[in-house]
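Trainee: Build me a model from this:
(one chain, ligands or ions: 2)
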Amino acid sequence: MLDAQISLSIDTALERLLRLAKPTHTDAKAGFENIPLHAALGRILAQDIISSIHVPPHDNSAMDGYAFHSSVLSGGKDGDGMTELAIVGKALAGKAWSGEAWSGEVGSKQCVQITTGAVMPKGCDTVVPSEFVTLHDTHIRFANKAVVAGDNRRKAGEDLMRGSVALASGSQITPAALGLIASLGMAQVPVRKRLRVAYFSTGDEVMSLGESLREGAIYDSNRFTVFGMLAQLGVDSVDLGVVPDNQDALEATFHKACDSADAIITSGGVSVGEADHTKTMMRQLGDVEFWRIAMRPGRPMAVGELNRADGSKAVLFGLPGNPVAVMVTFLALVRPALLQMMGAKAQALPLLQAKSSVAIRKKAGRTEYQRGIVSTNERGELVVQTTGNQGSGVLSSMVQANGLIVLSHEQNDVAVGDIVRVMMFDGAI
Ligand code: AMP
Ligand code: MG
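Mentor: Numbering: from 1, shown residues only. Ligands and ions are numbered 1, 2, ... in the order given. I've put the predicted structure just below:
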């Protein structure tokens, strides 16, 4: 057990979390499933996808124009020469090449009219686009400098070579990856089974939607931000509601959570010196450490494993109660850990460098996350401002922001014009 007085740096906390968050569903029989491509967005690829074909399958034209062999250009190196070619046929995308003078191969002074995506006729390696050509009845003329050898020809396999790894195991399937898999003709894709994450809120003052607000109470917002962030990650989430600060209710909910999920996220009830039962219950049901992390917002956090009746364990992330702290600890710590459990390469969110348009007070010795709005100034530079009130309960600041300004452990005050790092939300919330 960690000394409760020592604050972990964010890097140490993340390192420990990643050690705890072991990949689940790693067994090919029990942990993988083949699903239709349409259902695969956001899922984690369970095996490498090896290209069974060349994509594209044939050399083909990248433009509408005329295909010919570049050897006829050799006389025009001075750049002023003209080339004249006889049109001997037409190649349309998806259709067989046709031409009256077709002899199996296009001759040196000949060309074939071609459309984008049509297979390059035998004997051709270059396409001159229509707009560079003047048409003279059965011939075309164009300036040699309009093209160089190989222009506007796409080579077979230039996207994917047969036998190459098209997508690596552990990739999260993006819209582009869906298209790439489809280009291989695959209608089904092997993915890891979804990670299941149960979550609930704690607190006697926290009320569910649909109830009228009692004196001294607040509505539960954490369950909704957590739900949204889990949905963006592509996990199956199980909503276990709001649990009052009551030992029996907490115990029953923790048991339910353990039985229904690989990981559990709670919010509230983990502060030092708090007279509530969440911590007691966590300690009793598993091997849980209470961390103080040198970060703001989000200092207290409970992390560990809870025991199931069958001897297996579920990973617990006990987040603080304040709504902004919940989101910040999720993004900085829980998200990479869950990605690892999902079998994805743990990916930190992209960090941009932007010029701060405001001064920010910061003490060395903890990592601070300020809500930031990144934009482009008139000189095309990325600039970032803060959203004003940075209180850890001010959820509207998270709505206004498009990223978190990450002020690292050692950083001191930021002056106007200093470069700061920003963790962008795009794709995460
Ligand atoms: P706690 O960590 O339980 O001491 O809670 C810290 C602060 O966050 C308190 O002001 C709580 O009222 C608030 N809080 C806790 N849970 C929630 C929740 N689910 N939704 C909104 N605010 C919450
Ligand atoms: Mg509480």
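
Trainee: Strands of the stretch 51-200 of the chain, residue ranges please.
Mentor: 60-61, 65-68, 82-91, 110-114, 126-129, 134-136, 139-143, 153-154, 165-167, 188-192, 196-202 (DSSP state E, counting those that start in this stretch).

Trainee: Let's have those strands in TSV, adding distance to Ser392.
Mentor: For the C-beta atoms, the positions are set from N, CA and C on the backbone; glycine is no exception. Shown next, in TSV, are the strands of the stretch 51-200 of the chain (distance: least, C-beta to C-beta, whole Å):
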stretch	distance to Ser392
strand 60-61	57
strand 65-68	62
strand 82-91	65
strand 110-114	63
strand 126-129	59
strand 134-136	70
strand 139-143	67
strand 153-154	54
strand 165-167	40
strand 188-192	34
strand 196-202	16
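
Trainee: Please name whichever of the ones you listed is nearest to ligand 2.
Mentor: strand 196-202 (5.8 Å; C-beta to the ion).

Trainee: hmm, who's touching that closest one?
Mentor: Outside strand 196-202, the residues within contact range by C-beta atoms under 8 Å, 6 or more residues apart in numbering are 220, 222-223, 226-227, 230, 235-245, 250, 253, 256-257, 260-269, 276, 278, 321, 338.

Trainee: a markdown table for the strands of the stretch 51-200 of the chain, including mean pLDDT, mean neighbour count and distance to ligand 2?
Mentor: Listed next are these as a markdown table, based on pLDDT from 0 to 100; neighbours: other C-beta atoms under 10 Å; distance: least, C-beta to the ion, whole Å:
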| stretch | mean pLDDT | mean neighbour count | distance to ligand 2 |
| --- | --- | --- | --- |
| strand 60-61 | 96 | 24 | 64 |
| strand 65-68 | 98 | 29 | 70 |
| strand 82-91 | 93 | 18 | 71 |
| strand 110-114 | 95 | 26 | 70 |
| strand 126-129 | 98 | 24 | 68 |
| strand 134-136 | 96 | 11 | 79 |
| strand 139-143 | 96 | 18 | 77 |
| strand 153-154 | 97 | 19 | 61 |
| strand 165-167 | 98 | 18 | 44 |
| strand 188-192 | 98 | 21 | 35 |
| strand 196-202 | 97 | 24 | 6 |
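
Trainee: Just send those back as TSV, with distance to ligand 1 too.
Mentor: Below are these laid out as TSV (distance: least, C-beta to the nearest ligand atom, whole Å):
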stretch	distance to ligand 1
strand 60-61	57
strand 65-68	62
strand 82-91	64
strand 110-114	63
strand 126-129	61
strand 134-136	71
strand 139-143	69
strand 153-154	54
strand 165-167	38
strand 188-192	30
strand 196-202	4
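
Trainee: related to what we said a few turns ago, keep only those of the contacts of strand 196-202 that are in strands.
Mentor: Secondary structure defined by DSSP state E assigns 236-243, 263-267 of the contacts of strand 196-202 to strands.

Trainee: Name only those of these that count as buried.
Mentor: 237-238, 240, 242-243, 263-267 (16 or more other C-beta atoms under 10 Å).

Trainee: How about the residues of this structure by ligand 1?
Mentor: 201, 203, 205-206, 218, 220-222, 267-269, 271, 274, 320-323 (C-beta under 6 Å from any ligand atom).

Trainee: Quick check: pLDDT value at the closest residue to Ser171 other than its chain neighbours.
Mentor: In space, and not counting its chain neighbours, Ser171 is closest to Leu45: 4.7 Å by C-beta to C-beta, 6 or more residues apart in numbering. Per-residue confidence for Leu45 comes out at a pLDDT of 97.

Trainee: just Lys345 next, same as before
Mentor: Confidence score, pLDDT, at Lys345: 79.

Trainee: how much space is there between it and Ser169?
Mentor: The gap separating Lys345 from Ser169 is 10 Å, by C-beta to C-beta, to the nearest Å.

Trainee: more neighbours, the two?
Mentor: Taking other C-beta atoms under 10 Å, Lys345 and Ser169 do not tie; Ser169 has more neighbours (16 against 13).

Trainee: Just to be sure, Ala302 is in a strand?
Mentor: Yes: using DSSP: H, G, I helix; E, B strand; the rest coil, the assignment for Ala302 is a strand.

Trainee: for the residue in the stretch 301-429 of the chain positioned nearest to ligand 1, what are its contacts?
Mentor: Residue of the stretch 301-429 of the chain nearest ligand 1, by C-beta to the nearest ligand atom: Gly321 (2.3 Å). By C-beta under 8 Å, 6+ apart, the residues touching Gly321 are 201-203, 222, 267-271.

Trainee: Just the helices from the stretch 101-250 of the chain, written as ranges.
Mentor: Remark: helices assigned in the stretch 101-250 of the chain by DSSP state H, counting those that start in this stretch are 175-183, 222-233, 247-260.

Trainee: In terms of helix, strand or coil, where does Arg283 fall?
Mentor: helix.

Trainee: burial of it, as a residue count?
Mentor: 15.

Trainee: any idea of the pLDDT on it?
Mentor: Looking at Arg283, its pLDDT stands at 91.

Trainee: So which residues on this structure come close to ligand 2?
Mentor: Applying C-beta under 5 Å from the ion, we find that the chain lies next to ligand 2 at 203, 268-269, 321.

Trainee: Who are the packing partners of the helix or strand Ala354 falls within?
Mentor: Using DSSP states H and E, Ala354 sits within strand 351-356. Contact analysis of strand 351-356 by 3 or more C-beta pairs under 8 Å, 6 or more residues apart in numbering; DSSP states H and E lists strand 367-376, strand 382-386, strand 403-407, strand 419-424 as its packing neighbours.
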